[in-house]
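Visitor: Provide a 3D model corresponding to the input given below.
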Amino acid sequence: MLFTAVVTLSFLLGTAQGSINDWSKPCLSGVCFYDLPTAGTSSGTLKIWGSSSSITDITTAAGWEILDCKKDTLAQDIRLVCTGDSKCAHLYDKIGAVGKIARLPERCGQNAFARISRAWVPADQSIPEHIAKRLVKRDGVQPQVKALHIDTDFSSVDTARIGVISFAIQGANVPGAEGSPQSLGRIEKRQFGFIKKAISAVTKLNDVSVDKTKTLDPFSISKTFNVLDEKISCPPLEGRLKLDVTAKANALAAIGVAAEGTIVPPKIKDFAVTATLTADLGGSINLNGGLSGAVDSGKIKLVEVGIPGLSFPGVLTIGPSFRIDAQANANLDVNADLSVDINYKIDEATLVFPPNSKKAQAQGGAFTIGDTPLKLSVSPSIKATGTVTAHLIPSLNLGIDALGGIAEASVFLALDASATMKLSLEGQAQVAATVNRISSQASVAPSTVSRKVGKAIAIRQAAGGTGSKVAVSTSGSASLGGCFEIIAGLVVNAGANANFFGLFDSKTTVPLFNKEFDLLKASCNQI
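Guide: Just a heads-up that it's a prediction; the model follows:
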């Protein structure tokens, strides 16, 4: 089976308003922002808010210098020292440091915000010279070095002591999804309204395509796989069926998300991803074999590649991958070589997941089927009867990790393109035939033709009242008679594999498209 795809999968939210977070200003008022670094391909904004005594800041803007901090971990011990600024007192003010949620400096930890689980005075009071020069000393004595343990174990925070700390996120793995002061600035008691605003702004970024998105690198796949190679022996009959798949894909995926909930206690109250799918698919079933019996390959993973994701570590991370699976099954009494080419086109199939979110909307896109050539060759004096079905299943899978691992799930968008051949053929001597569908507006009843090259037969389609013509060319010195039917199918679904804060679970599905097309349904006395 030959598969060729150009895919645009766009999960797009937000508006291009630029950065909200200002590293030069401390966030000590109970409201903090964090923007993804502009140097990367992704963009987005995280906002947290709560009591001003429960959210603190240990950045330079708040008067702190970090002495020891690793940039590639979520949990660690750090040392820090106050530069002499009065704002330093906020860290220990009122309820003390333990339990507070702190904004971290850039390059200190993977995460933007962390829980303080322990605070103490370390034995190591050393301060690098380049930092010591900037410190305000009292009576010639340098300030005391402090130590904190920080992590993202938000479920261990005492809510009764700290209070509720809320969050909102919007982002995409393409530029332009940062929040705006208008969409992120207001705090409402019951409805922050953020996701609704983010979804309503989707049209501003919804034109991401393979041609227009220069910030994402498209990924290409071209590889041949054997899907089915079965030998069946049941004396006095035995045979072999072999089916190969050549998978080719040129795809581009952009993802985006909007979510809101609480960090303390850890819970996501609303969540949505948006997707737009445009694809050109071509499939070719190449069957070589002589077999009597039934075989099923099961679902086989052909290839899986990771694509750029979106991450606010410790709060919400989405890691996408593009995967192609194949499956073939047959129930045949055949000694023939068969090849069927089928082309699909999907135009702007749109999804918002989960379907029960307040802003969910799904639109089915246009779908067409291209030319369908059928090639048959049979051995002398045989009968070919039965059914062969082949599936090629490309999918986009989004691995979701929320709030320090409290919940994990995977959301998928899967397209199952299939082709089924139903055969009842009889060959005399060695013969090969090639059948090509030709578009026609007229409805023509089936007829018969001679086996001379250049003759044509007419077929009818099961769906709709229009007919198509089929050009048939043959080689060999004998005849091929009987009936054959080709059915093309396409099923497009979105779903999930686990419960995610009660917003969706493994039973949540979004059917985008499900249809069978009876492409060829013909009978002929002789070809």
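Visitor: Check the burial of Thr73 by counting its neighbours.
Guide: 14 (other C-beta atoms under 10 Å). No exception for glycine: its C-beta is placed from N, CA and C like everyone else's.
Visitor: looking at this protein, which helix or strand does the model trust least?
Guide: Ranking every helix and strand in the chain by mean pLDDT, DSSP states H and E puts strand 456-460 at the bottom, with a mean of 20.
Visitor: Run through the stretch 1-150 of the chain and note the low-pLDDT ranges.
Guide: 1-19, 40, 139 (pLDDT under 70).
Visitor: go with 90
Guide: 1-22, 36-45, 83-87, 106-107, 128-143 (pLDDT under 90).
Visitor: Could you pull out the strands in it for me?
Guide: Remark: strands assigned in the stretch 1-150 of the chain by DSSP state E, counting those that start in this stretch are 2-3, 6-10, 31-35, 43-49, 55-57, 64-68, 76-82, 101-103, 113-120, 145-151.
Visitor: buried set for the longest one?
Guide: So that's strand 113-120. Across strand 113-120, burial judged by 16 or more other C-beta atoms under 10 Å covers Phe113, Ala114, Arg115, Ile116, Ser117, Ala119.
Visitor: Nearest to Ser29 among these?
Guide: Phe113 (15.0 Å; C-beta to C-beta).
Visitor: Can you list the residue ranges for helices in this structure?
Guide: In the chain, the segments counted as helices under DSSP state H are 129-132, 159-162, 181-184, 194-200.
Visitor: how's the chain carved up into domains?
Guide: The record's domain split for the chain, according to automatic domain parsing, is 52-154, 266-524.
Visitor: Check these for me: which has the lowest mean pLDDT.
Guide: For the domains of the chain, the weakest mean pLDDT is recorded on domain 266-524, namely a mean of 66.
Visitor: and Asn111, what does it touch?
Guide: Leu74, Leu104, Thr152, Phe312, Pro313, Gly314, Val315 (C-beta atoms under 8 Å, 6 or more residues apart in numbering).
Visitor: Show me the residues you listed that map onto strands.
Guide: Phe312 (DSSP state E).
Visitor: got the contacts of Asn111 as CSV, with distance to Arg138 and neighbour count columns?
Guide: Putting the contacts of Asn111 into CSV (distance: C-beta to C-beta, whole Å; neighbours: other C-beta atoms under 10 Å) gives the following:
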residue, distance to Arg138, neighbour count
Leu74, 35, 17
Leu104, 27, 21
Thr152, 35, 23
Phe312, 39, 24
Pro313, 38, 17
Gly314, 36, 25
Val315, 39, 25
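Visitor: residues touching Asp72, list them.
Guide: Asp72 neighbours (C-beta under 8 Å, 6+ apart): Gln110.
Visitor: Could you give the backbone dihedrals for it?
Guide: phi -120, psi 30 (degrees, to the nearest 10).
Visitor: just Pro26 next, same as before
Guide: Torsion angles, degrees, to the nearest 10, at Pro26: phi -70, psi 150.
Visitor: Who is Ser418 paired with across the strands?
Guide: His391, Gly489 (DSSP bridges).
Visitor: what number of residues lie near it?
Guide: Other residues close to Ser418 by other C-beta under 10 Å number 21.
Visitor: Tell me who's in contact with it.
Guide: Contacts of Ser418 (C-beta under 8 Å, 6+ apart): Thr389, Ala390, His391, Leu392, Ala488, Gly489, Leu490, Val491.
Visitor: Quick check: the fifth one vs Leu392, distance?
Guide: Pointing back at Ala488 there. 12 Å (C-beta to C-beta, to the nearest Å).
Visitor: who touches both of the two?
Guide: Ala417, Ser418.
Visitor: of those two, who's got more company?
Guide: Using other C-beta under 10 Å, the more surrounded residue of Ala488 and Leu392 is Leu392, with 29 against 21.
Visitor: What distance do you get for that one to Thr317?
Guide: In terms of C-beta to C-beta, Leu392 sits 30 Å off from Thr317.
Visitor: go on, Gly140?
Guide: 48 Å.
Visitor: And these two? Which one has more around it.
Guide: The residue with more neighbours, out of Gly140 and Thr317, is Thr317; 17 against 5, by other C-beta under 10 Å.
Visitor: Show me what that one bridges to in the sheet.
Guide: Here Thr317, judged by DSSP bridges, has bridge partners Ser311, Asp401.
Visitor: who are the neighbours in contact with it?
Guide: So Thr317 contacts Gly309, Leu310, Ser311, Ile400, Asp401, Ala402 (C-beta under 8 Å, 6+ apart).
Visitor: Could you give the number of residues near the closest residue to Asp229 other than its chain neighbours?
Guide: Distance criterion C-beta to C-beta, 6 or more residues apart in numbering; nearest residue to Asp229, sequence neighbours excluded, is Lys242 at 4.9 Å. Neighbourhood size, Lys242 [other C-beta under 10 Å]: 15.
Visitor: related to what we said a few turns ago, export the contacts of Thr317 to CSV and tack on neighbour count?
Guide: Output for those, formatted as CSV (neighbours: other C-beta atoms under 10 Å):
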residue, neighbour count
Gly309, 17
Leu310, 28
Ser311, 19
Ile400, 22
Asp401, 18
Ala402, 23
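Visitor: Quick check: the farthest pair among the residues you listed?
Guide: Once C-beta to C-beta is applied, these give Gly309 and Ala402 as the farthest pair, at 13.9 Å.
Visitor: Next up, the contacts around Trp307.
Guide: In this structure residue 307 is Ile, not Trp. Asn173, Phe219, Ala253, Pro320, Ser321, Phe322.
Visitor: Tell me if I'm right that the residue nearest to Asp229 and Asn226 touch.
Guide: Yes: contact criterion C-beta atoms under 8 Å: Lys242 and Asn226 qualify, at 7.3 Å.
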